[in-house]
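Visitor: When you get a sec, could you give me coordinates for this:
(chains A and B)
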There are 2 protein chains.
Amino acid sequence: MLPKGFKVGGVRSGIHKKEGKKDLALFISDVPSSAAAMFTKSVVKAAPVLVDIEKIKKGGKFSAIVANSGCANACTGSRGKKDAEEMCSSIEKHFGLNKGSVLCSSTGVIGQYLNMPKFKSGVNLLEKALGVSFKNEEEAVLAIMTTDTFIKKAHKKIKVKNGEITVWGCVKGAGMIHPDMQGLHATMLSFILTDAEVESKSLQKILEKSVDDSYNCVSVDGDTSTNDTVIVLANGQSKTGKLSSSDMKKFEEALNEVTLSLAKLIAKDGEGSTKFVEIEVKNTKTKNDAKKIGATIATSPLFKTAVFGADANWGRVLAAAGRAGVNFNPDKVDIYMGGINVFKNGAALNFSETNAKKALLKKDIKVVVDLKSGKAASKYYTCDFSYDYVKINGDYRS
Amino acid sequence: MLPKGFKVGGVRSGIHKKEGKKDLALFISDVPSSAAAMFTKSVVKAAPVLVDIEKIKKGGKFSAIVANSGCANACTGSRGKKDAEEMCSSIEKHFGLNKGSVLCSSTGVIGQYLNMPKFKSGVNLLEKALGVSFKNEEEAVLAIMTTDTFIKKAHKKIKVKNGEITVWGCVKGAGMIHPDMQGLHATMLSFILTDAEVESKSLQKILEKSVDDSYNCVSVDGDTSTNDTVIVLANGQSKTGKLSSSDMKKFEEALNEVTLSLAKLIAKDGEGSTKFVEIEVKNTKTKNDAKKIGATIATSPLFKTAVFGADANWGRVLAAAGRAGVNFNPDKVDIYMGGINVFKNGAALNFSETNAKKALLKKDIKVVVDLKSGKAASKYYTCDFSYDYVKINGDYRS
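Guide: Residues are numbered from 1 along each chain as shown, chains lettered A, B, ... in the order given. Down below sits the predicted model:
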């Protein structure tokens, strides 16, 4: 499923303290690639984020992404930055890549230094671990996972005039998820590989739009990470040449499909989550209004615990909408939970609590908030808040 | 402890479904009083809030506050508004008060209509329940409580030139707590009674400043309610007359002391909370910067679960600060948790985990974030996030 001209792999270096867990991944292209990237907007940016931002700003072609789990290399000062730079240069040297052509990412505990001797022993193992098989894909993704409970990857093949293009992506992230990224300026890490030929500038533009409707519409706990990173490498090895505008459109749709399905997988794997929740806010004046309301509902602990309890507590939906900072007329609002119209024109409906409970006991919940005051809409993805969220995060670090 | 010329009381009317629970309170002054009030900024405002806003806007003097628990009378449309108006007029009639001189508040489940027959039967019981004793105070506060686990009230007596003034206040609220109120436009209900003579305009000004540093600096779950309300009645029955500017200053300090101690009690009684947390953000450029960072840390589920787990996970503190929307230099930041300096000048300190654990196992935790980049500061109050929070809110409505 990997796009042409890419190899990936994951190994255990020992950086991650969990016994046996793979913790070092490499995504490498046979030829230098165009790249686009987005990073956390947090004022507190991890060392690998700072290093990547500098490289992406400089421009040029990139050949590989090296990423580790178990240590976020965040809040580690100048030593952390030097370590991140060494992550890149070690890969460059070992694999004979151009200077400055490797990007890096880290995820895990904040405030600890990377174990560089372990990292280096891992680099030596990476070469044998690289490949194009399903197993290589899985190992690469496993190596970047922290509290994730399953492998999140997706791909899409599209026909273009001169042949076939593949967009492949993976993502990790289950907690501290509320990405809020901007071009050049989680701990969600997502790496997207494609054999399309797209120059960096267009790729950046397409990526920003795509992230805005996918990763930036997902929240597990409202916490934006110091390490959130999305990187796309486009190596042109499909040999389909420069894309026509209609083929470019297809490519964009394929990328959007991959990022959206990965974004949903994050919400499905939210720490301690028992349910996936899609919140559609529609008929708002602007898309931004819809997004703000969706985000506020998705991050409301009261809403999320109600979903956990399969309680059609639409009052919490409306209360969250009301404090989202968007002006609307509450008397026009309709609310649907699990397909059941529970609130209409600003008033409670006499719905069957038994049916509502049944609907909300499902694993996949849809909540619709219709403001009936415009034509814009947006979807937001999240999960419920369970006992296990508290358990996982009450002793994650220790 | 009540100020002169006030009587209070609480009865069971049956509005609240919980067996035996008192659910109807009355706070009444012997003479018409100056009033000041602040209400939720949510777009979705409960009927009693809408009714009170109109009355306060109109101005004039007020004689009583009637409040119920068990039903929020929110999202109940025109019928809800009519019911809220009737709450007020029933009290007016029964107690022979001026038309328009009663304010009302409700707290409880959203989207249900008030049971007016039960309310009216409650009104008949109120007269006998009114008084000035400690027991009357407790019954009044009990009647407005929902998931609160203890009675929250406070008072302060001050000497002024012509005698003594008392400021008495109570508050209810344990969940859906993240008040965000504004003048004329807080399910936290707080009623403050004083026998000082202060005209409404000054009272409003003093209240707004006081709320900004107290109730607006508390978060249990980040959820602002449809019903948040703070009302002050000042009846002048201390007979100390118009206050001199130095006495007014003393009055203001007394009010601030009462609101701050009540605000802290809310955080201490946060739903499912096991710990009280004070977050001090200091040496910021502006007070607003400090408040934004404090609020972001206080609402971070990752921070709150770490506190529950007694884990000195300062990375979560810093990550929350970084996404607060305030620009600062992470390399200058110091962090203290439970009195232990865990992070200094942007880098982790090698602190004793054993000591940190011991410090964070206490019931009263202080977190200090020092940005060292200005002279402003602010304190924010919250609690931890426990299994019980999920339990309480997973089936609150049912």
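
Visitor: For the stretch 201-350 of chain A, give me the ranges with low pLDDT.
Guide: The model of the stretch 201-350 of chain A has pLDDT under 70 over residues A:221-224.

Visitor: secondary structure class for the residue in it positioned nearest to chain B?
Guide: Taking Cβ to the nearest Cβ, chain B has its nearest neighbour within the stretch 201-350 of chain A at A:Gly315, 2.7 Å off. (Each C-beta comes from the backbone N, C-alpha and C, glycine too.) Here A:Gly315 takes the helix state, with states given by DSSP: H, G, I helix; E, B strand; the rest coil.

Visitor: For it, which non-adjacent residue is spatially closest?
Guide: B:Ile110 (2.7 Å; Cβ to Cβ, 6 or more residues apart in numbering or on different chains).

Visitor: list the contacts for the one you found?
Guide: By Cβ atoms under 8 Å, 6 or more residues apart in numbering or on different chains, B:Ile110 lies in contact with A:Asn313, A:Trp314, A:Gly315, A:Arg316, A:Leu318, A:Ala319, B:Ala46, B:Ala72, B:Ala74, B:Cys75, B:Thr226.

Visitor: do that again at 7 Å, thanks
Guide: Neighbouring residues of B:Ile110 by Cβ atoms under 7 Å, 6 or more residues apart in numbering or on different chains: A:Gly315, A:Ala319, B:Ala72, B:Ala74, B:Cys75, B:Thr226.

Visitor: Among those residues, which one lies nearest to A:Lys120?
Guide: The nearest member of the contacts of B:Ile110 to A:Lys120, counting by Cβ to Cβ, is A:Ala319 at 53.0 Å.

Visitor: any idea which element that closest one lies in?
Guide: helix A:314-322 (DSSP states H and E).

Visitor: Other residues contacting the following helix or strand past that helix?
Guide: Sequence-wise, the next helix or strand downstream of helix A:314-322 (DSSP H and E) is strand A:334-337. In this structure, residues lying in contact with strand A:334-337 by Cβ under 7 Å, 6+ apart are A:312, A:314, A:317-318, A:341-345, A:356, A:360, A:367-370, A:372.

Visitor: Please repeat the previous calculation with a cut-off of 8 Å.
Guide: With Cβ under 8 Å, 6+ apart, strand A:334-337 has contacts from A:312, A:314, A:317-318, A:341-345, A:356, A:359-360, A:365-370, A:372.

Visitor: and what of stretch A:120-133?
Guide: Outside stretch A:120-133, the residues that touch it by Cβ under 8 Å, 6+ apart are A:2, A:6-15, A:23-24, A:26, A:28, A:68, A:90-91, A:94-95, A:136, A:139.

Visitor: mind running it again at 10 Å?
Guide: Contacts to stretch A:120-133, defined as Cβ atoms under 10 Å, 6 or more residues apart in numbering or on different chains, come from residues A:1-15, A:22-28, A:66, A:68, A:86-87, A:90-91, A:93-95, A:115, A:135-137, A:139-140, A:143.

Visitor: and the closest residue to A:Phe303 other than its chain neighbours, how many neighbours?
Guide: Leaving aside its chain neighbours, A:Phe303 sits nearest to A:Arg316 (4.6 Å; criterion: Cβ to Cβ, 6+ apart). Neighbour count for A:Arg316, taken as other Cβ atoms under 10 Å in any protein chain shown: 26.

Visitor: What of A:Ser78?
Guide: Residues near A:Ser78, counting by other Cβ under 10 Å, number 11.

Visitor: Check A:Glu54 too.
Guide: By other Cβ under 10 Å, the residues close to A:Glu54 number 13.

Visitor: Report all helices and strands that the helix or strand hosting A:Lys209 contacts.
Guide: If you go by DSSP H and E, A:Lys209 is part of helix A:200-212. Under the contact criterion of 3 or more Cβ pairs under 10 Å, 6 or more residues apart in numbering or on different chains; DSSP states H and E, helix A:200-212 touches strand A:24-40, strand A:181-183, strand A:189-194, strand A:229-234, helix A:245-268.

Visitor: to the chain's geometric centre, what's the distance from that helix?
Guide: What separates the centre of helix A:200-212 from the centre of its chain is 14 Å, taken as Cα atoms, centre = their mean, to the nearest Å.

Visitor: May I see the buried residues of it?
Guide: The neighbour-count check on helix A:200-212 (16 or more other Cβ atoms under 10 Å in any protein chain shown) flags A:Ser200, A:Ser202, A:Leu203, A:Gln204, A:Ile206, A:Leu207, A:Glu208, A:Ser210, A:Val211, A:Asp212 as buried.

Visitor: Report the angle between that helix and strand A:229-234.
Guide: Between helix A:200-212 and strand A:229-234, the angle comes out at 140 degrees (axes from the mean of the first three to the mean of the last three Cα atoms, to 10 degrees).

Visitor: hang on, the earlier thing: looking at the contacts of stretch A:120-133, which are in helices?
Guide: A:86-87, A:90-91, A:93-95, A:135-137, A:139-140, A:143 (DSSP state H).

Visitor: Just the C-alpha atoms of stretch A:201-219, please, in CSV.
Guide: Below are the C-alpha coordinates for stretch A:201-219, written out as CSV (Å, rounded to 0.1, in the frame of the first residue of the first chain):
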residue,chain,number,x,y,z
LYS,A,201,4.1,25.5,-2.0
SER,A,202,1.0,23.9,-3.4
LEU,A,203,1.5,20.9,-1.1
GLN,A,204,1.6,23.3,1.9
LYS,A,205,-1.6,25.0,0.8
ILE,A,206,-3.5,21.8,0.3
LEU,A,207,-2.2,20.4,3.6
GLU,A,208,-3.3,23.4,5.6
LYS,A,209,-6.9,23.2,4.2
SER,A,210,-7.0,19.5,4.8
VAL,A,211,-5.8,19.7,8.4
ASP,A,212,-8.3,22.4,9.1
ASP,A,213,-11.1,20.0,8.3
SER,A,214,-9.6,16.9,9.9
TYR,A,215,-7.0,17.1,12.7
ASN,A,216,-8.1,20.5,13.7
CYS,A,217,-11.6,19.1,14.2
VAL,A,218,-10.7,16.4,16.7
SER,A,219,-10.5,16.7,20.4
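
Visitor: And that stretch, how far out from the chain middle?
Guide: Centre-to-centre, stretch A:201-219 and its host chain are 10 Å apart (Cα atoms, centre = their mean).

Visitor: that older thread, quick one: the residue of the stretch 201-350 of chain A closest to chain B and A:Ala306 touch, right?
Guide: Yes - between A:Gly315 and A:Ala306 a contact is recorded at 9.0 Å, counting by Cβ atoms under 10 Å.

Visitor: any idea of the pLDDT on the residue lying closest to A:Phe251 once chain neighbours are set aside?
Guide: With sequence-adjacent residues excluded and distances taken as Cβ to Cβ, 6+ apart, A:Phe251 is closest to A:Ala196, at 5.4 Å. A:Ala196 carries a pLDDT score of 97 in this model.

Visitor: Could you count how many residues lie near A:Leu371?
Guide: Residues lying near A:Leu371 (other Cβ under 10 Å) number 23.

Visitor: Now do the contacts for it.
Guide: Contact partners of A:Leu371, counting by Cβ under 10 Å, 6+ apart, are A:281-285, A:289-290, A:293, A:321, A:326, A:328-330, A:332-334, A:377.

Visitor: From chain B, how far off is it?
Guide: 10 Å (Cβ to the nearest Cβ, to the nearest Å).

Visitor: okay, A:Met176: pLDDT?
Guide: In this model, A:Met176 is scored at 57, pLDDT.

Visitor: what's the burial count for the residue of the stretch 201-350 of chain A closest to chain B?
Guide: Counted with other Cβ under 10 Å, A:Gly315 comes out at 28.

Visitor: which residues does it contact?
Guide: Applying Cβ under 10 Å, 6+ apart, the residues near A:Gly315 are A:302-303, A:306, A:335, A:342-343, A:348, B:44, B:72, B:74-75, B:108-112, B:176, B:225-226, B:397.
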